[in-house]
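Asks: please find the sequence and the predicted model below.
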Amino acid sequence: MDKILKAVYVKIKNDFAPKTHNLLYLCELCKIELAEEQISFYAILMKYQISGRYPDNTGHTPGRIIVTQYYNKTKEEIEWLKQKLNQ
């Protein structure tokens, strides 16, 4: 998700994207308005991203059903962000 948001940033600002993985911050910089549901979902993704990047930061691992839901929702969000990129 951060890669597509950074691509949107580069397109909008015509500059290098900031070195951050904070999805909400990147959306703010790109002036992308998110619904409350999206804000909550992006916060969840960031939580798991941290534990993925920093294995010592162990947390709860969701079950297969939840992971599948997160995966499908992430694909939807990426498609939505691609539309922003192509505007």
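Replies: On my side now, so go ahead. Numbering: from 1, shown residues only.
Asks: do you know how far K3 is from Y70?
Replies: 17 Å (Cβ to Cβ, to the nearest Å). For the C-beta atoms, the positions are set from N, CA and C on the backbone; glycine is no exception.
Asks: who has more neighbours out of the two?
Replies: More crowded of K3 and Y70, by other Cβ atoms under 10 Å: Y70, with 15 against 11.
Asks: so the more buried one sits against L45, correct?
Replies: Yes: counting by Cβ atoms under 8 Å, L45 is a contact partner of Y70 at 7.3 Å.
Asks: in this structure, which helix or strand is least confident?
Replies: In the chain, no helix or strand scores lower on mean pLDDT, DSSP states H and E than helix 36-53, which sits at a mean of 85.
Asks: any idea how far that one is from the chain center?
Replies: 7 Å (Cα atoms, centre = their mean, to the nearest Å).
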